[in-house]
Structure formats: structure tokens, C-alpha cells
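**Q** Provide a 3D model corresponding to the input given below.
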Amino acid sequence: MFTWVISESNVALIQLNLLTSNNSFMHKYYLIFVLTFFFPVLGKAQDCISYFRYSKDEISQVKLCPEAMMADIKQLHEHILETHPNPSLYCGVDAFVAGYKRALASCESEKTMIEFIQIVTAYLAVMKDSHTNLNPRDYLYLGPKDRAVLPFFVVRINGHFYLQSIYKNEIPIGSEILQVDSYPIDSLFAVSKRLSFTEGNADIARDEIAEKMIGATFNLLHRANLTDLASFKIVNVNGDTVVVKAHYVKSSQYLKGGSIKLDGPIHYIIDKDNRCVLTIESFDNISLKKFKKQIDACFNEIKRKNVQDLYIDLRDNLGGMLRAQEYVLSYLNQNGKSLQMNYLYKRSHFDRFASLPFYQEWQFMNRAERVYPNGLISQEYDFYKSPLGTTRTILYDYTPKNNLNYCYTGKCTLITNGSSMSASVLFAGWFKSNRRGEIIGSQCMGGIGGTFGNSAPYFLDHSNIHLMVSTLKFTPKVLSRIELNPIDPDHVISINLQQLIKQQDPVLEYLNIRKDSKKKVK
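**A** Numbering: from 1, shown residues only. Okay, the predicted model is just below:
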């Protein structure tokens, strides 16, 4: 392919020749030259767009203009500086600024929307803040409703990728995937990693998240119609390398019920050996009152049956209310120590006080003014009245209590994975720091140094990218320095191929606990 570049001086020369030439042949020649080469170049300059429309534009095909992308990167950078409590805390100022400059340099030529999203995620990844990110799966929801997708999930075992599930079960579970259409599986994983995030140095957790995103990554890169068939190059369970086909489904039909549940139930298992597995799918329940009631029901049963072996399963718990996870800790806090957590705030139009509904804001101001200058609320009130851009650290120090006035003193084990995030990381940090028991499973998304949080939604003007930016940093008071190391489990438990094929839970298999007695708490 040849690219023609025509400067202004070339155009002037062409026009001069058209005006001065007496030779009709030469006149026609130059006219044909202009029409053939110059105007297609003009047309091509209009191929890129300045504003992306999700309902009409295809994320993998339509290109954004350089000036639009640069404007969005500058807008994002300014917004982070205005709202984030400390964007260079984990990476340093030099690395943060260098990441910004790399992002700008990457926008010097036209890029598809999915390419620009990777530029944005590369910039955000420098901060190592899992709460300042974008969710690529959102763009499958936001895209054209007639867009077809192929829902499938894979898991990595010993460096190979195996099918975990697929729409209509058209390919056997446990088949090794080598390629999907024109995309080698390794290349899909590489893009998924670029689209993923991490908290601190939790790189193993990031890779686990990237594995789960491979199916979504394929659908973002590949525009398909409902009548299309996807080709999977696999190694089947017999060891044969074959190509099999899989059907697509309308994205609106599949994604209608495919959203992540943040108000998941709490349930528990007490087996014949009086061992209990308490599964908490989220700390972001419908209400704190209901959450406490569910936790009370479980620990009431633990107390009644005198359970001496408790497993708390926080796998795939994306976080939620800090007061919820602290309420669970109240049942495990053997020495009755207070929870001391430093909150680093930055005053902005997006902080937790700015986002209070009018009535709650009025209540907050009334309560603070009645007790001022005493109490924790007075410190919050001082911050609330401070100018935009003000940063302040406030210590929250209290001992959580539970409704049963009960503390479980038996053996306790925590189960985590790469999708244990946010409040789950704070829970795991307390658990490890207080040596409450062993941690098993896989690395969670963060370390004992706390986590960022209280993310506020934000949109970029030209690309219309939907993202979240942290407005708070939670750090345990006991830490005297920045801690980036992740919380690694005492025993790593990974799924094997046989467990994958049989759809078995590797942790419950390791513990030799059956699901038969699983009880959902209402």
C-alpha cells in the first residue's frame, strides 16, 4: 500500500500548471492527477471521528482523530490531579508524568476505540490503583444492540488455556484452546492484561483477572453478526488438534442477565465434621442492617453447634461497605483491639461529601455543628469546609461490636482469589496482620498497605469512555511506610484439569468438604 502526502507547495504548483499550461493534454493530465490522488486524500482525512457514539459506532473499527484522543488524555490527567488523593503514591511522580507523556505520544495517529482504550488503561496502570480504572465489559453493554457476541470463559492451568464454559456448551469443557478465529489465545491474553488493573504489586491477581476477561476481549476486538460462526482451534480431550465452530448470540440477549451481582447472598455450609464454610459474595448488600442480620444468623449457628473450624470464603467478593466487613471482623477480633484506619481525602466535586444527597448533607452539617469542635465528625466538617484541592488525613478509630456480643475463638481460615478486592483486601490485611489464621486460595487484589477506594464515575468528552477515579486512600495506622507487596496465600490452591472437567471447586476438594448442606441466609 502506498500513502500519498501532498504539501501546500505541491498543491500550489499543480494549480499554477493548470493555469499556465497551453497544452490541453497537460491540462487534462494535471486535472486527472488532482482528481485521482488529491481528493481521495482529502476524503481519507475525514475517516476518523471526534466523538464516539456507542449505539452507532463499532468499537473495533471506527477510528478516533488524534486531536480528540489527546484532548481526552489531557482531560483525564487534569481530572485525576483534581480529584485523586495521591496519584503518584505507588509509582512516584516521575513515573506518573512519564505515563501521561507516553499516552499523549501514543495518540499522534488515528486509533480505533479499542486501541485508544488500551492507551487509557496503560496510563492508569502506572498508578497501580485498582479503583481508578475502566471496565472493558461495559462496552459490550453500551455497543449497538444488534451486535453479536460469543460468551465463553477460559482458565489457565500450567501455562495452557482451557475452556471453562461457553454459550450453548458447543465445545467440551476442558478442551485446550489454541486459537479463536484469527486470534491466537496468547495474543488475547496479552490484550486482556493490558485492559486489566492491579492494586500495588498484585500482579498474579491481575493475571487472574485477565484470564477471566479473555472472552470479553475477543468480543471487543471482533465484530460479528448473528449468522456468523466462530472457529476454535482446540486440542480435545483425546489429544487431537481440531477446529470446531461455535454460535454467536445477540449482545442484548446475553448481557441482559449477565451483570455482576453486588448484592449477592450470604450462605454457609456446616458439614458432618462440624466444619463451617461461610461464603460472603459481596460486602455491598442491599442494606447494612440486612447484612448484619445474615451474618448474625450464621454466627448464631456457629455458636450453637460449637464449631471449631471456620472457613471464610471471599473469592470473587469485589468489596463494598467498610462497615460491613468490619462487622464480620467483630466476630473474629479475639483481643478486642480497635480498628485504626487512616483515610486520606482530597476535597473535590467528586469526594464522598460532595456526593451526599441534599438531606444527608443537611443532617451531616447539623450534627457536626451541634458537637463542634469535638469528635470525629468535627474533623470531617473541617475538611468539608476546606477549599477544593485540600488533602487531609483523618484517623478512624473504633472497636466494632456485633448484635450477639459474641467472638468466635476457634480455628479460622480465609479463602481469597484475584477477584477479592477493595473491602475484601482490607479484611485480608487485618486477618494477616493480626495472625488470625491461614490464608488459602490465590493472591487477592492488594496488600496489607490498604487500598484506594470510594471511586467516582467520570466520562471523557470525545471518546465517551466511562471510567472510575478514586477519591480516598485507606491505610492501616500501624503502617509507617508505603507497602506495595500483595497478600499471598499461605497455601496456593489452583484448579487442575480433572476438577475443571468435573466442575469441582478446587478449594472445597482440598478441604474435603461437600456442598450438600449449603444453606442460604435470607
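**Q** how about Leu332, secondary structure?
**A** coil (DSSP: H, G, I helix; E, B strand; the rest coil).
**Q** Tell me the buried residues in stretch 117-125?
**A** Neighbour-count burial for stretch 117-125 flags 117-121, 123-125 (criterion: 16 or more other C-beta atoms under 10 Å). C-betas here are computed from N, CA, C, even on glycine.
**Q** out of those, which are inside helices?
**A** 117-121, 123-125 (DSSP state H).
**Q** pLDDT added to those, as CSV?
**A** Converted to CSV, those look like this (pLDDT from 0 to 100):
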residue, pLDDT
Ile117, 97
Gln118, 97
Ile119, 98
Val120, 98
Thr121, 97
Tyr123, 98
Leu124, 98
Ala125, 97
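**Q** quick one: Ser282 and Ala354, what's the gap?
**A** 25 Å (C-beta to C-beta, to the nearest Å).
**Q** Give me the more crowded residue out of those two.
**A** Taking other C-beta atoms under 10 Å, Ser282 and Ala354 do not tie; Ser282 has more neighbours (23 against 15).
**Q** That one reaches Arg315, doesn't it?
**A** No. With contacts counted by C-beta atoms under 8 Å, Ser282 stays clear of Arg315, the gap being 11.5 Å.
**Q** and the helix or strand hosting Gln75, which residues are buried?
**A** Assigned by DSSP states H and E, Gln75 belongs to helix 66-83. Judged by neighbour count (16+ other C-beta under 10 Å), helix 66-83 contains these buried residues: 66, 68-73, 75-77, 79-80, 83.
**Q** Go ahead and measure how far the next helix-or-strand element following it is from the middle of the chain.
**A** Using DSSP H and E, the next helix or strand after helix 66-83 towards the C-terminus is helix 93-105. Distance of helix 93-105 from its chain centroid, counting by C-alpha atoms, centre = their mean, to the nearest Å, is 21 Å.
**Q** which residues sit against helix 93-105?
**A** Outside helix 93-105, the residues that touch it by C-beta atoms under 8 Å, 6 or more residues apart in numbering are 70, 73-74, 77, 87-88, 91, 119-120, 122-123, 125-127.
**Q** Let me know the angle separating the helix holding Gln75 from helix 93-105.
**A** 150 degrees (axes from the mean of the first three to the mean of the last three C-alpha atoms, to 10 degrees).
**Q** Show me the shaky parts of this structure.
**A** Counting by pLDDT under 70, the ranges of the chain that qualify are 1-46, 253-264, 515-522.
**Q** residue nearest the centroid of it?
**A** Asn135 (5.3 Å; C-alpha atoms, centre = their mean).
**Q** Identify the residue nearest Leu142 in space, chain neighbours excluded?
**A** Computed as C-beta to C-beta, 6 or more residues apart in numbering, the closest residue to Leu142 that is not its neighbour in sequence is Tyr54, at 3.9 Å.
**Q** err, Leu226, not the other one
**A** Ala148 (4.6 Å).
**Q** closest to Gln443 among the buried residues of stretch 117-125?
**A** Ala125 (17.2 Å; C-beta to C-beta).
**Q** ok, Asp309 touching Gly410?
**A** Yes. With contacts counted by C-beta under 8 Å, Asp309 reaches Gly410, the gap being 6.5 Å.
**Q** Would you mind telling me which of those two has the busier surroundings?
**A** Asp309 (17 against 12).
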